[in-house]
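Q: My questions are about this predicted structure, shown below with the sequence.
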Amino acid sequence: MITQEIIERCKCKEQRAFKECYEKCAPYVYTIIKSYIYEPEFRKDAMQEVFAQIFLYINKYDSKKGAFKSYISKIAINQCIAILRKRKTINLFVPLEENHQAIGQADINLDRLTKKDIEKILEKMPDGYRTIFLLFVIDDYKHKEIAELLNITAETSRSQLSRAIRWIKTKQLVNLKTITYG
């Protein structure tokens with residue numbers, strides 16, 4: 001993705017390095033933003049916010065603690081959540097339609113879904129469900145981490161993931177097997 005040399009040049013505030021970093025990382029960052037923020041008019045602002053944060057705090061990046069990709073991913077996710085929170089679109093309590101039986105342990109086999117299938121699911125999913133689904137299923141956050149990030153309890157995170165999965169199944173967007181709730 002990006003070399004340590006470019007990162008070091010960014011730490012020295014070299015403008016050309018910032019440009020190189022942006023050009024190399026922008027497609028990856030945009031993919032994350034697109035997953036969390038579905039309104040195209042807010043994506044450009046999100047990109048600016050993410051890269052402002054990346055460059056503002058690049059001196060805190062330590063390659064011994066993790067890959068640069070993980071560093072920018074975390075910043076992108078945090079900025080997307082901040083934008084959703086500011087726009088008040090994270091509604092974690094979307095009512096379920098009709099009566100639904102509780103789902104115990106379930107597994108969604110994402111390997112069997114195409115990228116287009118997943119995008120279709122996420123596009124129609126309410127923001128609150130989508131946010132927790134993305135954090136847990138796609139970005140591998142634990143419920144405790146989600147709870148801290150969204151200022152909710154781990155139990156609420158588990159519950160909302162369960163509801164998101166039920167939402168997927170009730171909308172019959174795809175024929176899914178199961179997802180482990182963690």
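A: Yep, that arrived.

Q: In this structure Met125 contacts Leu134, no?
A: No. Met125 sits out of contact with Leu134 when judged by Cβ atoms under 8 Å, with a separation of 9.3 Å. All C-beta spots, glycine's among them, are computed from the backbone N, C-alpha and C.

Q: Can you pull the poorly scored residue ranges out of this structure?
A: 89-113, 172-182 (pLDDT under 70).

Q: Could you pull out the helices in it for me?
A: Ranges of helices within the chain are 4-11, 15-36, 40-56, 68-86, 115-124, 127-133, 143-150, 154-171, based on DSSP state H.

Q: now these as a markdown table including mean neighbour count and distance to Asp62?
A: Shown next, in a markdown table, are the helices of the chain (neighbours: other Cβ atoms under 10 Å; distance: least, Cβ to Cβ, whole Å):
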| stretch | mean neighbour count | distance to Asp62 |
| --- | --- | --- |
| helix 4-11 | 15 | 10 |
| helix 15-36 | 16 | 16 |
| helix 40-56 | 16 | 14 |
| helix 68-86 | 18 | 9 |
| helix 115-124 | 14 | 32 |
| helix 127-133 | 24 | 28 |
| helix 143-150 | 18 | 20 |
| helix 154-171 | 19 | 28 |
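
Q: Let me see the domain layout of the protein.
A: Under the assignment automatic domain parsing, the domains of the chain span 4-86, 110-171.

Q: List the contacts of Ala17.
A: 6, 9-10 (Cβ atoms under 8 Å, 6 or more residues apart in numbering).

Q: Nearest residue to it in space, please, no chain neighbours.
A: Of all residues not flanking Ala17 in the chain, Arg9 sits nearest, at 3.3 Å (Cβ to Cβ, 6 or more residues apart in numbering).
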